[in-house]
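>>> 3D model of this:
(one chain, ligands or ions: 1)
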Amino acid sequence: MKDKIDNLLSEIEKMEIKSKEHLEEFRLKYLTKKGKLTALFDDFKVIANEERKEVGKNLNELKNKIQDKFNHYKEKLEGGEETVSADIDLTKPANPVAFGSRHPISIVRNQIVEIFSRIGFTVKEDREVEDDWHNFSALNMPEDHPARDMQDTFFVKMSPSGGGEGGGVVLRTHTSSVQIRVMENSKPPIRSIFPGRVYRKENISARAHCFFHQVEGLYVDENVSFADLKQTLLYFAREMFGEKTDIRLRPSYFPFTEPSMEVDVTCFICGSKGCSICKGSGWVEILGCGMVNPKVLENCKIDSKKYNGFAFGMGIERIAMLKYQINDIRFFYENDIRFLNQFKSA
Ligand code: DAH
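A predicted model of the protein is given here:
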């Protein structure tokens, strides 16, 4: 029965209707009481019960196709067209629609979020236009602190009713500002990451852009140790870059952490043998981190005698560039379809 239906389907698909005579022929052959379709419906009356559902469905589809084809040509030929030149196959699928894909920054962001959520970090986001307190002062960078120069800042001009020119409002230069917002508004234990866009007044080049993305991490509780920080970052590095990855911590300086470190991972491109990505050293830098400076906890009214914590911050573009070996940050923002298409299966 199924074969009969399929055969009739391909027969009607092939049948060309170019004139009113062809259309009448089509009608007589398939749509009258003595036509082929009626014959099939007669066969259907006697088939086994368990086949009825499936065969009935196919038969109805066939009937609809025949009727559609008939209606289509009837309309055309009665609409004044004496003949139909090209036979249009209405059963053919429409032109394929190209699917989009996720942006590489979103792919890497989601991966980072997923890795940290597996060990209990929640995700929070906050504003990109920030006040001086949350972007700088509360992070132990009071006015005139030289560390403010580490990040060239965009200042926002406020309307007169909004506090006058300047008014200490900036486009956030890092997602560390969210640390402050979260610590001001919740009590320890805090274990969260904060992804988001940040802005810096940089000249645009292959290595730098005036906006990019970061993920900040914060863990505050009683008795948080340096070992906790190190193990968390080692776990992250192995999940992100492969299980053979190792990390190395180098002393550094950030006003909001004490001690502060920069973290390198073993170069996963060359297996630490030395290549252009790691500049021959076998190591690549991926983030900054440290134990939260007690002054920062106090600024957020958290008792630094009872609680301590660690924090870290990484650039998503940097991780994506390493992971996919992209050598120019500008590719991320140009929306060139030839670039974006390469991440379809990622
Ligand atoms: N905010 C730093 C930056 O944008 C990154 C950073 C370093 C964040 C150390 C931290 C940290 O939380 O502990 O360069």
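>>> quick check, distance from the helix or strand where residue 59 lies to the centre of its chain.
Residue 59 belongs to helix 49-78 when elements are defined using DSSP states H and E. From the chain centre to the centre of helix 49-78 is a distance of 43 Å (C-alpha atoms, centre = their mean, to the nearest Å).
>>> What lies in contact with the following helix or strand past that helix?
Per DSSP H and E, the first helix or strand lying C-terminal to helix 49-78 is helix 104-117. With C-beta atoms under 8 Å, 6 or more residues apart in numbering as the contact definition, helix 104-117 has outside contacts at 102, 123, 193, 195, 213, 215, 217, 235-236, 239-240, 314, 316-317, 319-320, 323-324, 326, 332, 340, 343, 346. No exception for glycine: its C-beta is placed from N, CA and C like everyone else's.
>>> residues of the helix holding residue 59 that come out buried?
Under the neighbour-count criterion of 16 or more other C-beta atoms under 10 Å, helix 49-78 has 55, 58, 59, 62, 65, 66, 69, 70, 73, 77 buried.
>>> tell me the mean pLDDT for that helix?
What helix 49-78 shows for mean pLDDT is 88.
>>> so what does it touch, helix or strand wise?
Where contact means 3 or more C-beta pairs under 8 Å, 6 or more residues apart in numbering; DSSP states H and E, helix 49-78 is packed against helix 2-14, helix 20-30, helix 36-44.
>>> Give me the packing partners of the second one, helices and strands only.
The reference is to helix 20-30. Partner elements for helix 20-30 (3+ C-beta pairs under 8 Å, 6+ apart): helix 2-14, helix 36-44, helix 49-78.
>>> I'd like the helices and strands packed on helix 49-78 laid out as CSV, including mean neighbour count.
Shown next, in CSV, are those (neighbours: other C-beta atoms under 10 Å):
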stretch, mean neighbour count
helix 2-14, 13
helix 20-30, 15
helix 36-44, 15
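>>> Would you mind saying which of these lies nearest the ligand?
helix 2-14 (63.1 Å; C-beta to the nearest ligand atom).
>>> Give me the contacts around that closest one.
By C-beta under 8 Å, 6+ apart, the residues outside helix 2-14 that reach it are 26, 30, 36-37, 40, 43, 55, 58-59, 62, 65-66, 69, 89, 91.
>>> Equivalent analysis for stretch 336-346, please.
99, 101, 102, 103, 104, 107, 324, 331.
>>> change it to 7 Å
For stretch 336-346, contacts defined as C-beta atoms under 7 Å, 6 or more residues apart in numbering pick out 101, 102, 103, 104, 107, 331.
>>> can you redo the residues you listed as TSV with pLDDT and distance to residue 269?
Below are the contacts of stretch 336-346 laid out as TSV (pLDDT from 0 to 100; distance: C-beta to C-beta, whole Å):
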residue	pLDDT	distance to residue 269
101	87	24
102	93	23
103	95	22
104	96	17
107	96	18
331	96	18
